[in-house]
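need a structure here:
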Amino acid sequence: MEAPMTIRWTTSPIVKQGHNVRDPKYIKNQPHIQPDGEYEIWLHKDIDEAYHEIFDESIQEHNEKQTDSRRIIKDYREEMKKSKQKNEAYEVIVSVGNVLNHPTDEMNREIMKEYVDGWNERNPNLILIGAYFHNDEVGICHSHIDYIPVAYHNSRGMRVQNSKNQALREMGFKNENHRYSETESTQWMDRERAVFEELCVKRGLKIYHPMAGKGAKHLEKEAYILTQKIKALKEIIEKASDPKTYTADAKELYGAYLLLKVDHELDPEFQKLVSWLEGKIAEEKELEKELSFGKTTSFEETDIDFDINAPFDI
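Numbers count the residues shown, from 1 in each chain. Okay, the predicted model is just below:
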C-alpha cells in the first residue's frame, strides 16, 4: 500500500517568465536547473502582449472621456507594477508529494495537465497567460500557472480592470460575513486546492493534510507568529555587516507563510515586510541570487523544495 502524500498549491504575485520558459540568459545563474532536464511549455503569452489584448480597448474608452490630462492612462501595466494594492500578474505552483514519496513523473504530469486544462472553465476572470511543467530542477516536478485577474464590470475608472478581488466576486465568490478567514481569495484558493486534490484521488493517490483540524484562528495565529519572526529577522539583517548570512532563514519563513491557508495577500503587516525585502534587493545587488522576495527575482526554489517534514503542507 502506497503511503499517503501531501499536495502543495501555492499562489504568489511573483511571476518570472524567463525562468518558466527556460530562457538561457535567465537560467544561466540558476544551478538547480539541469541543462538537459525535462520541461514543457503548455501555454506562453508575453505579459505585455496579454495586457494589450485584454485592456487596450478599455484604456481607449477611458482616455477619450478624460478632460484632465493627469487622468490619462499611458502604460497600464506599468501602473500595476507600481501599485501597492495590485500586481501585474499572479502565479500558482502545484506539486504532489515530496522527494521521498511522490507519484510517477508520468502521473504527476497527467494530474497537472488536467488541472491546467480545466482552468479557463473554472476561472473565466483569471486569464491564463502561462502554464509550464518543470521536471528539470532539484526536488520534485511541479507546474507554474500564470494568470492576470480581470474584472469586466467596473463602474469607476476603466470598464475592464486588473482587480483580483473584483474578478473573484464576478466569479461568484463573496465574503458575506466580512471575515478575514473567508475572503474571496481564501474561498477561491480552497476551491482550487480541492480541485487539484480530487485529480490526485481519482487516480488512486491518498492525500493527507498535516494542517487538518487547525481552524482559521489557529492558522491566523501561526501566520502572525511567522510575521513576527520575519520582523525580528529584519532587525537582525539591518544591523548585520553581512546580511547574506540570514537570507536562507528569511526565505524559509516567507515560504512557510505562503503555504499557510490564510489570505496573506491582504495582510498589511506582512506586505510592509515584503516591501522592505524588495528594497533590500535593490540596495544589496549581491543578495539577488539568495534573497528572492522582489518582483525582479525568482522564488521557485523555496516554493517547492521545502524540508519534507515541514508542517506547512496543505
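
which residues are contacting the helix or strand containing Tyr115?
Following DSSP states H and E, one finds Tyr115 within helix 105-117. Helix 105-117 has contacts (Cβ atoms under 8 Å, 6 or more residues apart in numbering) with 38, 40, 42-43, 94-97, 102-103, 128, 131, 133, 135, 140-143, 145, 195-196, 199-200, 203, 205. All C-beta atoms are positioned from the backbone trio N, CA, C, and that covers glycine.

end-to-end on stretch 71-84?
19 Å (Cα to Cα, to the nearest Å).

do stretch 137-145 as well
17 Å.

in this protein, where is pLDDT below threshold?
Applying pLDDT under 70 to the chain picks out residues 1-2, 178, 180-181, 210-224, 226-227, 240-314.

so which residues of it form helices?
In the chain, the helices defined using DSSP state H lie at 17-20, 24-27, 47-64, 76-82, 105-117, 119-122, 164-170, 184-201, 216-239, 247-259, 268-283, 300-304.

how about residues contacting the third one?
In other words, helix 47-64. Taking Cβ under 8 Å, 6+ apart as the rule, helix 47-64 contacts 15, 17, 72-73, 76-77, 88-89, 127, 129, 148, 150, 157-162.

what's the answer for the second one, then?
Judged by Cβ under 8 Å, 6+ apart, the contacts made with helix 24-27 from elsewhere in the structure are Lys16, Gly18, His19, Ile33.

can you list these in JSON lines and add neighbour count and distance to Gln166?
Listed next are the contacts of helix 24-27 as JSON lines, based on neighbours: other Cβ atoms under 10 Å; distance: Cβ to Cβ, whole Å:
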{"residue": "Lys16", "neighbour count": "20", "distance to Gln166": "26"}
{"residue": "Gly18", "neighbour count": "13", "distance to Gln166": "29"}
{"residue": "His19", "neighbour count": "20", "distance to Gln166": "29"}
{"residue": "Ile33", "neighbour count": "19", "distance to Gln166": "37"}
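
now, among those residues, which is nearest to Glu184?
Here the nearest of those to Glu184, counting by Cβ to Cβ, is Lys16; it sits at 25.8 Å.

tell me how far the closest one lies from Thr10.
As defined by Cβ to Cβ, to the nearest Å, Lys16 lies at a distance of 14 Å from Thr10.

still on that earlier bit, please convert the contacts of helix 24-27 to TSV, extending it with distance to Ile27.
Shown next, in TSV, are the contacts of helix 24-27 (distance: Cβ to Cβ, whole Å):
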residue	distance to Ile27
Lys16	10
Gly18	7
His19	6
Ile33	5
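
out of the residues you listed, the closest to Lys65 would be?
Proximity of the contacts of helix 24-27 to Lys65 (Cβ to Cβ) peaks at Lys16, which lies at 36.1 Å.

tally of neighbours for His209?
15 (other Cβ atoms under 10 Å).

might one say that it is in contact with Thr6?
Yes - His209 lies in contact with Thr6 (Cβ atoms under 8 Å); the separation is 7.3 Å.

list the contacts for Tyr76?
By Cβ under 8 Å, 6+ apart, the neighbours of Tyr76 are Tyr51, Phe55, Ile59, Met158, Asn162.

kindly recompute the last result at 10 Å.
Shown in contact with Tyr76 (Cβ atoms under 10 Å, 6 or more residues apart in numbering): Tyr51, His52, Ile54, Phe55, Asp56, Ser58, Ile59, His62, Glu88, Met158, Gln161, Asn162.

most neighbours among those, which one?
Neighbour counts for the contacts of Tyr76 (other Cβ under 10 Å) peak at Asn162, which has 24 neighbours.

what sits closest to that residue if chain neighbours are left out?
With Cβ to Cβ, 6 or more residues apart in numbering as the criterion, Asn162 has its nearest non-adjacent residue at 5.3 Å, and that residue is Met80.

pretty sure the one you found contacts Ile148?
Yes - counting by Cβ atoms under 10 Å, Met80 touches Ile148, with 9.0 Å between them.

when the two are compared, which one has more neighbours?
Neighbours per residue (other Cβ under 10 Å) separate Met80 from Ile148, with Ile148 holding more: 26 against 20.

who are the contact partners of that one?
Contacts of Ile148 (Cβ under 10 Å, 6+ apart): 15, 45, 47, 50-51, 53-55, 77, 80, 87-90, 125-129, 162, 164, 167.

which PyMOL command selects the buried ones in those?
Buried subset of these, written as a PyMOL selection, criterion 16 or more other Cβ atoms under 10 Å:
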select buried, resi 15+47+50+51+54+55+77+80+87+88+89+90+125+126+127+128+129+162+164+167
